[in-house]
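Trainee: got a predicted structure plus its sequence, pasted below:
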Amino acid sequence: MTHAEILKKVEWKDLKSLSIKEMLIENNLTIPWVLTSWVLAYLGYYILALPFSAFFFLTGLRQVHNGFHNSLGTNRFLTWFSLYTNSVLMMASIHAVKFNHIRHHKYCLSEEDYEGKSAGMSWYGAIFYGPVHMFLIHKITLQLGNKKYVKNVLLELGSIAIFTFLVFYFNIAFLIYHIIVMVIGEFLMAFFAVWTVHHDTEEHPELARTQRGGWKNKITFSMFYHLEHHLFPAVPTIKLPQLAKRIDDVLPELEKKTTF
């Protein structure tokens, strides 16, 4: 079944809009995690802070991912501001990630898809490839992006550099911890954000892997409904469980490879 045929069979356009409550959730989901991790790290409880830092990184990915597809329910400036602030907090230019992610949807797992390069690797190969992945997506955006993308990437990289300099210059221990953990998270993106959801899907790249286990989706904040996202990228993450149910009801025969 083709992508176009799936689009015709599944009702999805009503899922694009967010209520005020849903909009507030999507735009503020990161706050309790980052604040809790900072407080614990400030008090010296670095091990206890780690899971909160991990959930901040995950919810940050969810937030910017919705921003890539204009699914945060906010205006253009607030969406931009979300991408900018998360760039500084997550230690990577999110506009560079956005540029490559939009190309990923257009050229999924082809030679032009730089985000998806690790999908064809072994799991350990994708982990070792992580630092190259992060360097490449910045390089490609600066080479192929329009002036607006280049301007945003340079602004974000400059802001990250200033933030990092100030943190280390004033020796702010809890923020040094935060920077180190975020850099590690970025280096694992090729594995967690690409390989896990796309490995062994080369024959039908648009049919990414997905996750149906209830508790698994709760602890990953619905970020592994990736089949659903690739088929209907305009649907916000908070609506993906509803979308998944509609797909299962209408197309029970559709192959669904499990993420984990």
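Mentor: Thanks, I have the structure now. All values reported here derive from a predicted model rather than from experimental measurement.

Trainee: assign a three-state SS to Glu253, would you?
Mentor: coil (DSSP: H, G, I helix; E, B strand; the rest coil).

Trainee: let me see the domain layout of the protein.
Mentor: 1-16+200-232+242-260, 19-191 (automatic domain parsing).

Trainee: most tightly surrounded among the ones you listed?
Mentor: Most buried of the domains of the chain, by mean neighbour count (mean count of other Cβ atoms under 10 Å): domain 19-191, with a mean of 18. Every C-beta, even on glycine, is put in place using the N, C-alpha and C of the backbone.

Trainee: the stretch 151-260 of the chain: helices as residue ranges?
Mentor: Assigned by DSSP state H, counting those that start in this stretch, the helices in the stretch 151-260 of the chain fall at 173-187, 189, 196-198, 214-219, 226-231, 240-250.

Trainee: right, so of those, which gets closest to Trp123?
Mentor: For Trp123, the closest of those is helix 196-198, at 8.4 Å, according to Cβ to Cβ.

Trainee: mind giving me the packing neighbours of that closest one?
Mentor: In terms of contacts (3 or more Cβ pairs under 8 Å, 6 or more residues apart in numbering; DSSP states H and E), helix 196-198 is not packed against any helix or strand.

Trainee: and the contacts of that helix?
Mentor: 109, 116, 119, 205, 208-209, 224, 226, 259-260 (Cβ atoms under 8 Å, 6 or more residues apart in numbering).

Trainee: rewinding a little: okay, the domains of the chain in CSV with mean pLDDT next?
Mentor: Formatted as CSV, those follow (pLDDT from 0 to 100):
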stretch, mean pLDDT
domain 1-16+200-232+242-260, 90
domain 19-191, 98
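
Trainee: now the residue nearest to Ala92 when sequence neighbours are not counted: how far from Ala244?
Mentor: Computed as Cβ to Cβ, 6 or more residues apart in numbering, the closest residue to Ala92 that is not its neighbour in sequence is Glu186, at 4.9 Å. Distance of Glu186 to Ala244, given as Cβ to Cβ, to the nearest Å: 28 Å.

Trainee: before we move on, what about Glu112?
Mentor: Glu112 is 29 Å from Ala244, by Cβ to Cβ.

Trainee: just Pro32 next, same as before
Mentor: 26 Å.

Trainee: equivalent analysis for Ser159, please.
Mentor: Counting by Cβ to Cβ, the gap from Ser159 to Ala244 is 37 Å.

Trainee: I figured Leu7 hits Ala234, correct?
Mentor: No: using Cβ atoms under 8 Å, Leu7 makes no contact with Ala234, being 11.0 Å away.

Trainee: which residue is nearest the centroid of the chain?
Mentor: Leu61 (3.5 Å; Cα atoms, centre = their mean).
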